[in-house]
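Have a look at this prediction, sequence included:
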2 protein chains.
Amino acid sequence: MPTITDVAQTAGVSKNTVSRYLNNRGYMSEKTKAAIQAAIEELHYQPNQIARSLYTSKTSLVGLVIPDVEHPFFSTITARIEDALDTRGYKMILCNTMHSSQKERKYIDMLTANKVDGIIIGSHSVDINYSDINAPIVALDRNLADDIPVVASDHVQGGEIAAQAFIDRGCHKVVQLVASGQVKTPSNMRHEIFAKRMREHGITCITQELQLNQFEFSTYLNTADEILNSYPGLDGVFSADPVAAAIQRQALARGMQVPDDLFIFGYDGTFLAQAVFPPLLTVAQSYDLLARTVVDVLMKRIDGDQLESLSYVIPMGVNVSL
Amino acid sequence: MPTITDVAQTAGVSKNTVSRYLNNRGYMSEKTKAAIQAAIEELHYQPNQIARSLYTSKTSLVGLVIPDVEHPFFSTITARIEDALDTRGYKMILCNTMHSSQKERKYIDMLTANKVDGIIIGSHSVDINYSDINAPIVALDRNLADDIPVVASDHVQGGEIAAQAFIDRGCHKVVQLVASGQVKTPSNMRHEIFAKRMREHGITCITQELQLNQFEFSTYLNTADEILNSYPGLDGVFSADPVAAAIQRQALARGMQVPDDLFIFGYDGTFLAQAVFPPLLTVAQSYDLLARTVVDVLMKRIDGDQLESLSYVIPMGVNVSL
């Protein structure tokens, strides 16, 4: 295994200079940096990460806390965040809380014990006091505490796009499915604007809450049946892609025509919208931009830089009309 | 912050005993262990993980290398592996290679540099010589090298279940879609047995390879169109759930009846099989058992225990007939 001495010799600099380079301390010319980097790559030098961690107090690890990676929104954003972290030299520890606030708490404890440099939180446990945490955290589509920065899609724009589709379609009675009221998320804004627009156009809008942290697909099928049984004359449903797919499946199973008998509009723009037939109309989130922004904001917090804002709003992607 | 001395006092043992407990060294009675654990919990003691890592050479981190977490098979198994690792006190670093063997190589370098205790590899980069790696690795559904243990589903059983469905249905001409020949995976066994059974029953069986590391859903739609265009008289298709869903969507879009005009049978038993209409017939993998076994085998390798076998075959789950 090559040592730091080998790197110094190959680069034609002192060991101390290589050490400063590795730990990003003090001034160094771009030429020197390039020479050291070239030597590191030529020799395949691997600094001992654990020993460096003690010295720099950096682990180059970031935790991503989400409720369920099987849910298409979370699997898509997880892939993009992992990629964005990789380009910044960070590895991602995945914490799939699976409805367990105990697991979420463990991750926050890891942060406090300096085992990760920062955490991105996309879940929401009602019994955690997030404002007590004095460490680099960024919230993904969640309002955790007043002083924790939030990165989220422009859900007002998303709600407007969806509302316009129901208005254009000429619907009379629609249901929108919303997250449990216990989850504090900016994505609720899409439902407020949607209900407002429906009211303005004289369309009956029923808002129904999903259960907290319920991500099993079979529960969506049950929800679909309940809705189809409960609201005679229903001609439209607005919800996230997986629930929209479940409603479409159960409507088709009853012999209903989609969209003639029931207009279904999804949200998220995941691959699932393309997998079903007829393909779901849906509003896509801008996953790459969302992922890059949440990582950029976290890097600023880790580096101790001042944030310009505590709220970052990402424009929706194209309205996927397949 | 409580110290090791506080834990020792509360538990009524020496500092040295607490240290031995934390590092799992030497004999200790169950009573002493319980007293120390109770004190740790009572005081919310957090050992400094980085300092302990240097001493124990353990990071309690395991890498999971997969091609694409957006693919339903991988998102499902990722959730279960994360859970199985969590119960063993390990955190999971997710590496989503996204078709990049360079990224896979980086993870293997991390292992060599003692930054993770072990790696589970569920991807396959053709330009990596896995047998050179002298460290705890377990392959998930991949044949990486002769001396690397493999955990995989019983794909012969899976292929038999699928074949029987096509025979019972009375199909005459079927296509099966298989992974690129460059991927060395035990799951190819399902295709060998499937083709054999089709031959035995006089059913024409066309085997078509998918491209290497192609996981975008839009490419599955293209593949579906190619197949529906290329084989007149086709009355059956066998493939993994996402491709099966794509074929069903494109068949329905052409006005074909499923299963009357085309019998489609999936593989994996992910939520996607339930999301489409008609729901996909599919063979489910036993995700929990698969995840627990791959983690158990890795733990044995990390602890330096002798393995009974280099191949672990997990029975398929129930045949999901929705």
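Cool, the structure landed. In this text, all values refer to a predicted model and were calculated from it rather than measured experimentally. Numbering: from 1, shown residues only, chains lettered A, B, ... in the order given.

Strands of the stretch 101-250 of chain A, start to end?
Assigned by DSSP state E, counting those that start in this stretch, the strands in the stretch 101-250 of chain A fall at A:118-121, A:137-140, A:150-153, A:173-178, A:204-209, A:236-238.

For chain B, find the nearest of those strands.
strand A:118-121 (12.3 Å; Cβ to the nearest Cβ). All C-beta atoms are positioned from the backbone trio N, CA, C, and that covers glycine.

okay, the strands of the stretch 101-250 of chain A, which one's buried deepest?
Comparing the strands of the stretch 101-250 of chain A by mean neighbour count (mean count of other Cβ atoms under 10 Å in any protein chain shown), strand A:236-238 comes out on top with a mean of 27.

Run through who's touching that one.
Residues from elsewhere that reach strand A:236-238 (Cβ atoms under 8 Å, 6 or more residues apart in numbering or on different chains): A:162, A:166, A:169, A:171, A:173-177, A:194, A:203, A:227, A:244, A:247, A:262-265, A:267.

give the contact list for residue A:303.
Listed by Cβ under 8 Å, 6+ apart, residue A:303 has no contact partners.

For burial, what's the neighbour tally of residue A:284?
For residue A:284, the number of neighbouring residues by other Cβ atoms under 10 Å in any protein chain shown comes to 21.

didn't it look like it was pressed against residue A:269?
Yes. Residue A:284 lies in contact with residue A:269 (Cβ atoms under 8 Å); the separation is 2.4 Å.

State the three-state secondary structure for residue A:283.
Per DSSP: H, G, I helix; E, B strand; the rest coil, the local secondary structure of residue A:283 is strand.

returning to that earlier point: let's have the strands of the stretch 101-250 of chain A in CSV, adding mean pLDDT.
Compiled in CSV, the strands of the stretch 101-250 of chain A are given as follows (pLDDT from 0 to 100):
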stretch, mean pLDDT
strand A:118-121, 94
strand A:137-140, 96
strand A:150-153, 97
strand A:173-178, 97
strand A:204-209, 96
strand A:236-238, 98
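
Could I get those strands in a markdown table, plus columns for distance to residue B:291?
Listed next are these as a markdown table, based on distance: least, Cβ to Cβ, whole Å:
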| stretch | distance to residue B:291 |
| --- | --- |
| strand A:118-121 | 24 |
| strand A:137-140 | 25 |
| strand A:150-153 | 31 |
| strand A:173-178 | 31 |
| strand A:204-209 | 32 |
| strand A:236-238 | 34 |
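
between the ones you listed, which gets nearest to residue B:10?
strand A:118-121 (29.3 Å; Cβ to Cβ).

Show me what that closest one is packed against.
strand A:61-66, helix A:101-112, strand A:137-140, helix A:287-302 (3 or more Cβ pairs under 8 Å, 6 or more residues apart in numbering or on different chains; DSSP states H and E).

partner strands of the first one, parallel or antiparallel?
For strand A:61-66, the paired strands and their directions (DSSP bridges) read strand A:91-96 (parallel), strand A:118-121 (parallel).

Give me the contacts around the last one.
I take that to be strand A:118-121. Outside of strand A:118-121, the residues within contact range by Cβ under 8 Å, 6+ apart are A:62-65, A:81, A:104, A:107-108, A:111, A:130, A:135-140, A:142, A:144, A:294-295, A:298, A:301-302.

Can you flag the buried ones in those residues?
By neighbour count, with 16 or more other Cβ atoms under 10 Å in any protein chain shown, the contacts of strand A:118-121 hold A:62-65, A:81, A:104, A:107-108, A:111, A:130, A:136-140, A:142, A:144, A:294-295, A:298, A:301-302 as buried.

contacting residues for the closest residue to residue A:80 other than its chain neighbours?
Sequence neighbours aside, residue A:291 is the residue nearest to residue A:80 in space, at 3.5 Å (criterion: Cβ to Cβ, 6 or more residues apart in numbering or on different chains). By Cβ under 8 Å, 6+ apart, the contact set of residue A:291 is A:77, A:80, A:81, A:83, A:84.

wait, doesn't the last one sit right on residue A:295?
Yes. Taking Cβ under 8 Å as the definition, residue A:84 is a contact partner of residue A:295 at 4.1 Å.

Can you check the pLDDT for residue A:56?
With respect to pLDDT, residue A:56 has a value of 58.

What residues does the stretch 51-200 of chain A have near chain B?
Taking Cβ under 8 Å from any Cβ of the partner chain, the part of the stretch 51-200 of chain A that reaches chain B is made up of A:51, A:53-54, A:59, A:61, A:68-70, A:72, A:75-76, A:78-79, A:82-83, A:86, A:91-96, A:98, A:103, A:109-110, A:112-115.
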